[in-house]
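Colleague: Okay, structure incoming, though there's no sequence with it:
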Ligand code: FES
């Protein structure tokens, strides 16, 4: 169901990247909203079944994602607590280390 309130406007969308795909999101939204909009899948359990977010308030960690930092390292964060920022690079799976980092 799409609900639009009269007189309510949204800021212009910004671009972020989720699992390598460009995604348009609105400032003020959380990363959890962005992930839900594109995949509804945050991670897999040990049996390979998809898991979604649960609490939406930073308690359960079911919404864990990885966000690239300015220095190129990845930081593990709870998506339901993090507001989107232009240019964010987000992954729903743990980033693989660069081959040179494994030697
Ligand atoms: S959904 Fe529970 S910590 Fe984000």
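Modeller: Perfect, I can see it now. From a predicted model like this one, the values you see are computed outputs, not experimental measurements.
Colleague: rest of the way, CA atoms for contacts and neighbours
Modeller: OK.
Colleague: Helices of this protein, residue ranges please.
Modeller: 31-38 (DSSP state H).
Colleague: got a list of what residue 60 touches?
Modeller: residue 54 (C-alpha atoms under 8 Å, 6 or more residues apart in numbering).
Colleague: ok, now how distant is it from residue 82?
Modeller: 15 Å (C-alpha to C-alpha, to the nearest Å).
Colleague: Give me the below-cutoff pLDDT ranges for the protein.
Modeller: 1-4, 98-103 (pLDDT under 70).
Colleague: Stretch 56-76 and the ligand in contact?
Modeller: Yes - residues of stretch 56-76 contacting the ligand under C-alpha under 6 Å from any ligand atom: 56-63.
Colleague: From these, list just the buried residues.
Modeller: 56, 58, 61-63 (16 or more other C-alpha atoms under 10 Å).
Colleague: Let me know whether stretch 19-33 sits next to the ligand.
Modeller: No - Stretch 19-33 lies out of reach of the ligand by C-alpha under 6 Å from any ligand atom, never closer than 7.4 Å.
Colleague: ok, residues contacting that stretch?
Modeller: So stretch 19-33 is in contact with 10-17, 34, 38, 53, 63, 79-85, 89-93, going by C-alpha under 8 Å, 6+ apart.
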